[in-house]
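Q: Return a 3D structure for these sequence lines:
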Amino acid sequence: MPRGALWKNVPAAEPGEEHWAEVRKVCGGCFTDDERRRGTTVIGQRATHPTERLVLDHFEELISRYPEHLAFGGRLGTRYPWRAATATAAGGTRLRYSVTSEIRKAVTASGGWAAGGTIDITVPGHAAFTGGYTHGVGTTSPWPSSDTVHSHLLVEPGERGRIDVHGIGGIYSGFLYFAMTGFPRHDEHGARCFDLGGHHVWTTLGYLCFPVEDAFVKSPDAPAAVLRLRRTWPDGVPEPGPALLGTPGEGRR
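A: Next comes the predicted model:
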């Protein structure tokens, strides 16, 4: 499961072509037309089949034991999500602040599939955020385990302002794929098998798919976990809500 992602609590549709295209980039030999023709089953949170429930009940074991069989194919929903902010500062003042990001429970996996952990973002005296994150391994700049930046915001007379803190990455929804490629043969009918939760599981399918949403994936080359955005607006104008990177009138700090 991509760290921080949630189960989709809706009836699951089959993976679309865009999802297949993404996971093929991860492992072209694992996600082939031949394997796809074997069939795919989508296992949602409300699954009732005994074998599907077994897989769900031992999902963390599935991830930790077979990381080389996993890939996530998703669609970008939100770029650089808002995480926290300072209090609003009045015009003619200098707001001193600090932003701390700390990585906890970091998880690594082999084979270039996925890794992640938990990130804490703190703006002392103002706000805090805790959530999960995921990133690919092998081609990514690691985030520091702990990073603190001290700075200030100078607000001109006639204005008000604050600092918004955004995560450097995107929020995706899609499917986590469990590929049967490479597992031992179970019988003469082509079924393949693996062990999970003290049970022997076999299937003739090519893939098991798990629908997930709100998976935060870090930008591959981002050296830091957060981006600070300077927000100012005229005094007397309603305070603006969080905005995305690149919106006119914003500046990086």
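Q: and the biggest helix by length in the chain, what does it pack onto?
A: Assignment by DSSP state H gives helix 17-26 as the longest helix of the chain. Packing partners of helix 17-26 (3 or more CB pairs under 8 Å, 6 or more residues apart in numbering; DSSP states H and E): strand 70-79, strand 169-179. C-beta here means a position set from N, CA and C on the backbone, and glycine is covered the same way.
Q: Export the ones you listed to TSV and append columns for mean pLDDT and distance to D57.
A: Shown next, in TSV, are the helices and strands packed on helix 17-26 (pLDDT from 0 to 100; distance: least, CB to CB, whole Å):
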stretch	mean pLDDT	distance to D57
strand 70-79	81	17
strand 169-179	85	15
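Q: between those, which gets nearest to A243?
A: strand 70-79 (11.1 Å; CB to CB).
Q: Tell me which stretches of the chain form helices.
A: 17-26, 33-38, 50-57, 59-65.
Q: would you turn those into CSV with distance to P242 and mean neighbour count?
A: CSV is the format used below for those (distance: least, CB to CB, whole Å; neighbours: other CB atoms under 10 Å):
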stretch, distance to P242, mean neighbour count
helix 17-26, 27, 16
helix 33-38, 40, 12
helix 50-57, 34, 15
helix 59-65, 32, 15
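Q: Could you export the ones you listed to CSV, including columns for mean pLDDT and distance to F210?
A: As requested, the helices of the chain are exported to CSV (pLDDT from 0 to 100; distance: least, CB to CB, whole Å):
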stretch, mean pLDDT, distance to F210
helix 17-26, 74, 12
helix 33-38, 86, 17
helix 50-57, 90, 8
helix 59-65, 83, 8
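Q: got a markdown table for those helices, with distance to A243 too?
A: Formatted as a markdown table, these follow (distance: least, CB to CB, whole Å):
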| stretch | distance to A243 |
| --- | --- |
| helix 17-26 | 27 |
| helix 33-38 | 40 |
| helix 50-57 | 38 |
| helix 59-65 | 35 |
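Q: So which of these is nearest D221?
A: For D221, the closest of these is helix 17-26, at 16.7 Å, according to CB to CB.
Q: Kindly present the helices and strands packed on helix 17-26 as TSV, with separate columns for mean neighbour count and distance to G197.
A: Shown next, in TSV, are the helices and strands packed on helix 17-26 (neighbours: other CB atoms under 10 Å; distance: least, CB to CB, whole Å):
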stretch	mean neighbour count	distance to G197
strand 70-79	19	17
strand 169-179	22	14
